[in-house]
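Enquirer: Have a look at this prediction, sequence included:
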Amino acid sequence: MKVGVLSFAHVHAAGYARLLRDMPGVDLLTSDPDGDSAPPGEVRGRALAEQLGVSHVPTSQALFDWGPDAVIVASENSRHRALVELAAKHGVDVLCEKPLATTVEDGEAMVAACREAGVRLGVAYPVRFSPAYAALREAVRSGGTGRVLTVAGANNGSLPAGARAWFVDPRLAGGGAMMDHTVHIADLLDELFAGARAVDVYAQSNNLMYEGEVEVDTAGLVTVRYDNGAVATIDCSWSHPDHHPTWGGLELQLVGESATVEMDAFGQVVSGFDERNRRGVLLPWGADLDEAMVRTFLHGAADGAVQVADGEAGLRSLRIALAAYESVREGRPVPMG
């Protein structure tokens, strides 16, 4: 199977390249045409491909001329549409980094292009493949929790500007922490509730932690009401300090009529302290969620297992993030269409 990675802009792009490089039965080719325009200190383009030991071509078109069976789009958020539409034009299945886009118009165009071309559009939400989420999902779907009343979610991380400056450019990213982190939990709930839809969204955000350093929101709290009666809150902040031993995490507490269930998506770690470097250490030992997601996208899922989020699901989580920004601007709950 021939698989391409389009752009090294996203912080996850190098990880996808490593996974595919080492995956049996996969031939990998990468392309990062905008790599030369990256800020000083960011290694991209052919230089990063050489570090990773993967093949590279200078243009996206050259990658499609190679004849891939599937591609992963890992560009800046606002540049997803052009690459997804290019994949659709060439009849190639595409897995796109989240969020799907920065506007509903772009997201709808991407979904339509892939539908009309008859190709699969997936959205990279790897937390769907966490063993902790699988256990929570089983508890809810089996009826063990009873009707879900509330969900409190937190997706916190470090300010990503040090690794990739575009994350704090509202033109390229579409926002800040609310755009980056609301969508992961919104997608989990979309999958968990299996047909329930958001009714309205209320949000507040600020930039108290990095005031004067960046111009986007770095902390937020989003409340979503669903038509199944559940109410969810999402802490979507870049609140981890720079020298925290891990980039961040994702946790949920779900309260049902019959039980309360808690999950930590990245709880499979050994923790300790490194005296030499005077910092804490977290060593993951559990499932590689990115690998599970990529394998499922390439080879499919077993009956009843979690599927890769499709374009429609990606569009629904994007709408929630965009409604959160509208709520912040207007200071009121925003109805979902």
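Expert: Arrived safely, thanks for sending. Numbers count the residues shown, from 1 in each chain.

Enquirer: Convert the longest helix that the chain contains to CSV, retaining C-alpha atoms only.
Expert: When the chain is parsed with DSSP state H, its longest helix is helix 311-330. Output in CSV follows, covering the C-alpha atoms of helix 311-330 (Å, rounded to 0.1, in the frame of the first residue of the first chain):
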residue,chain,number,x,y,z
GLY,A,311,-16.0,14.1,7.5
GLU,A,312,-19.5,14.6,8.7
ALA,A,313,-18.4,13.9,12.3
GLY,A,314,-15.5,16.3,11.8
LEU,A,315,-17.9,18.9,10.6
ARG,A,316,-20.1,18.5,13.7
SER,A,317,-17.2,19.0,16.1
LEU,A,318,-16.0,22.0,14.1
ARG,A,319,-19.4,23.6,14.3
ILE,A,320,-19.3,23.3,18.1
ALA,A,321,-15.8,25.0,18.3
LEU,A,322,-17.0,27.8,16.0
ALA,A,323,-20.2,28.2,18.0
ALA,A,324,-18.0,28.6,21.1
TYR,A,325,-16.1,31.5,19.5
GLU,A,326,-19.4,33.1,18.5
SER,A,327,-20.7,32.7,22.1
VAL,A,328,-17.6,34.4,23.5
ARG,A,329,-18.1,37.3,21.1
GLU,A,330,-21.8,37.7,21.8
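
Enquirer: So which bits of that helix are buried?
Expert: 311, 313-325, 327-328 (16 or more other C-beta atoms under 10 Å). C-beta here means a position set from N, CA and C on the backbone, and glycine is covered the same way.

Enquirer: Just want the most central residue of the chain.
Expert: Using C-alpha atoms, centre = their mean, the residue of the chain that lies closest to the mean C-alpha position is Lys98, 3.9 Å off.

Enquirer: dump the residue contacts of that residue.
Expert: For Lys98, the contact set (C-beta atoms under 8 Å, 6 or more residues apart in numbering) comprises Val123, Ala124, Tyr125, Val183, His184, Asp187, Gly314, Ser317.

Enquirer: name the element it belongs to?
Expert: Assigned by DSSP states H and E, Lys98 falls within no helix or strand.

Enquirer: how does the protein divide into domains?
Expert: 2-123, 127-335 (automatic domain parsing).

Enquirer: In JSON lines, list those along with mean pLDDT.
Expert: As requested, those are exported to JSON lines (pLDDT from 0 to 100):
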{"stretch": "domain 2-123", "mean pLDDT": "97"}
{"stretch": "domain 127-335", "mean pLDDT": "93"}
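
Enquirer: Could you pull out the strands in the stretch 201-337 of the chain for me?
Expert: Under the criterion DSSP state E, counting those that start in this stretch, strands of the stretch 201-337 of the chain are mapped to 219-226, 231-235, 248-256, 260-264, 269-274, 279-284, 309-310, 334-335.

Enquirer: Just put the ones you listed in CSV and tack on distance to Ser78.
Expert: Below are the strands of the stretch 201-337 of the chain laid out as CSV (distance: least, C-beta to C-beta, whole Å):
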stretch, distance to Ser78
strand 219-226, 20
strand 231-235, 22
strand 248-256, 23
strand 260-264, 32
strand 269-274, 34
strand 279-284, 31
strand 309-310, 20
strand 334-335, 22
